[in-house]
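[1] Provided below are the primary sequence and the corresponding predicted coordinates.
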Amino acid sequence: MKSRFGLVLSSLFAGGVIVYFLFSLWKQWQTGLLENFTYSITGILTSMLGMVGLVVLMALLWRWLLELLVKKKPSLKAVLKIQILSWLGRYMPGKVGMLLGKVLLGKEIGLPGAALASSVLYEHLLFISSGFSIVLLTLGSSVVAKLISIDISVMQVILLVGVILISAPYLIKTAFYLLEKIMTPGDHKDIAVLSLQNTGLMFLGYHLAHISAGAGFFLLLHTLIPGIGITALSAVGIITAAHLAGILAFFAPAGLGVRESVMTWLLLPYMSLDNALSISILTRAWSTVADGILMGGLLLLRSGKRPVQHR
């Protein structure tokens with residue numbers, strides 16, 4: 001019942017975002033701004049696989065994370081269902097669905113709340129830190145410095161990421177204790193802590209998730225503007241920076257407005273302001289349609305039998 005309510009609520013917010021951006025696209029079409037682009041349905045649909053791949057890879061990484069924490073592997077079908085639902089939950093204000101969706105839905109398939117809360121904290125730390133690493137490697141420290149308005153060097157950023165990764169297991173354990181105390185008072189168990197090696201491997205794994213989205217974005221750009229001159233690495237960095245801005249803008253549903261602003265700014269070296277703004281709006285519509293594809297996949301998954309969570 002809870003999962004159905006969450007799906008309906010997330011779908012309503014997703015629908016609102018779709019309507020808003022369709023209206024924005026219509027306004028831009030009326031002013032002729034979209035006439036500068038070429039359109040290939042095949043190319044656009046193929047590029048969406050990058051966003052779908054991002055979510056699927058996150059599901060596989062989360063499944064592996066749970067296996068390391070509880071020594072049990074949930075079924076792939078169950079993990080995909082929960083991952084898609086929680087991903088759609090980012091449309092809710094405050095991203096409540098994205099943060100708590102996995103904890104609540106995971107409990108429904110018999111996973112312990114302790115491991116679920118711990119896995120969510122690990123996941124968000126790894127997703128964000130790997131995203132910053134991608135931006136640094138693809139766009140350079142100058143862009144990172146502008147985004148956070150301080151003067152930093154590449155080595156300082158690398159050192160900061162290293163300190164975060166080394167201290168992550170203990171920060172997660174402390175943060176989880178506080179979260180678990182609030183959610184289920186009196187039910188505290190020993191929390192598994194990932195080894196430094198596994199944390200590092202997870203960190204690299206989340207790079208692949210960001211790269212999947214970047215590959216789709218690169219194909220979208222070159223479908224809309226052949227010969228645009230943006231390299232694959234730059235495309236990965238631009239969409240990753242936009243995603244990070246959207247996630248860190250905690251109270252903006254799916255990073256609405258914030259993500260587009262960052263993407264527009266990062267596209268300015270390659271095109272005019274009008275074209276950069278149009279691309280950012282088209283990219284929002286593109287990623288939202290990809291979410292619709294994921295929702296269709298979720299409906300197919302839900303049509304089957306309830307999965308067994310253990311090996």
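    Sure, I can see it.

[2] Let me know the average pLDDT across stretch 135-144.
    Over the span of stretch 135-144, the pLDDT mean works out to 70.

[3] try stretch 268-278
    84.

[4] Any stretches of the stretch 1-150 of the chain with poor pLDDT?
    Scanning the stretch 1-150 of the chain for pLDDT under 70 picks out the ranges 1-36, 92-97, 99, 141-150.

[5] so where do the helices sit in it?
    2-30, 41-70, 76-88, 96-108, 113-139, 141-148 (DSSP state H, counting those that start in this stretch).

[6] List the buried residues in the second one.
    It refers to helix 41-70. Of the residues in helix 41-70, 43-44, 47-66, 68-70 count as buried by neighbour count, 16 or more other Cβ atoms under 10 Å. Using the backbone N, CA and C atoms, a C-beta is placed for each residue, glycine as well.

[7] then stretch 236-253 to CSV, C-alphas only?
    What follows is stretch 236-253 as a C-alpha-only set of coordinates in CSV (Å, rounded to 0.1, in the frame of the first residue of the first chain):
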residue,chain,number,x,y,z
VAL,A,236,30.0,13.4,-19.3
GLY,A,237,31.3,16.2,-17.1
ILE,A,238,28.5,18.6,-18.0
ILE,A,239,25.6,16.3,-17.3
THR,A,240,27.3,15.0,-14.1
ALA,A,241,27.8,18.5,-12.8
ALA,A,242,24.1,19.2,-13.6
HIS,A,243,23.0,16.1,-11.8
LEU,A,244,25.0,16.9,-8.7
ALA,A,245,23.6,20.4,-8.6
GLY,A,246,20.1,18.9,-8.8
ILE,A,247,20.7,16.5,-6.0
LEU,A,248,22.3,19.0,-3.8
ALA,A,249,19.4,21.4,-4.3
PHE,A,250,17.6,19.3,-1.8
PHE,A,251,14.2,21.0,-1.9
ALA,A,252,13.9,21.4,-5.7
PRO,A,253,11.9,18.4,-7.1
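
[8] quick check: mean pLDDT across that stretch?
    Looking at stretch 236-253 alone, the average pLDDT works out to 81.

[9] Please apply the same query to stretch 298-311.
    Mean pLDDT, computed over stretch 298-311, is 59.

[10] Report the angle between whichever helix or strand Leu221 is part of and helix 41-70.
    If you go by DSSP states H and E, Leu221 is part of helix 196-224. Interaxial angle, helix 196-224 versus helix 41-70 (axes from the mean of the first three to the mean of the last three Cα atoms, to 10 degrees): 170 degrees.

[11] and helix 196-224 with helix 113-139, angle?
    On the basis of the same axes, to 10 degrees, helix 196-224 is oriented at 50 degrees to helix 113-139.

[12] counting contacts, what elements does helix 196-224 pack onto?
    Taking 3 or more Cβ pairs under 8 Å, 6 or more residues apart in numbering; DSSP states H and E as contact, the helices and strands that helix 196-224 lies on are helix 41-70, helix 113-139, helix 154-183, helix 232-248, helix 273-302.

[13] so can I have CSV of those showing distance to Ser195?
    Output for the helices and strands packed on helix 196-224, formatted as CSV (distance: least, Cβ to Cβ, whole Å):
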stretch, distance to Ser195
helix 41-70, 9
helix 113-139, 12
helix 154-183, 8
helix 232-248, 26
helix 273-302, 32
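
[14] Of all these, which one comes closest to Leu80?
    Nearest to Leu80 among these is helix 41-70 (5.1 Å), distances taken as Cβ to Cβ.
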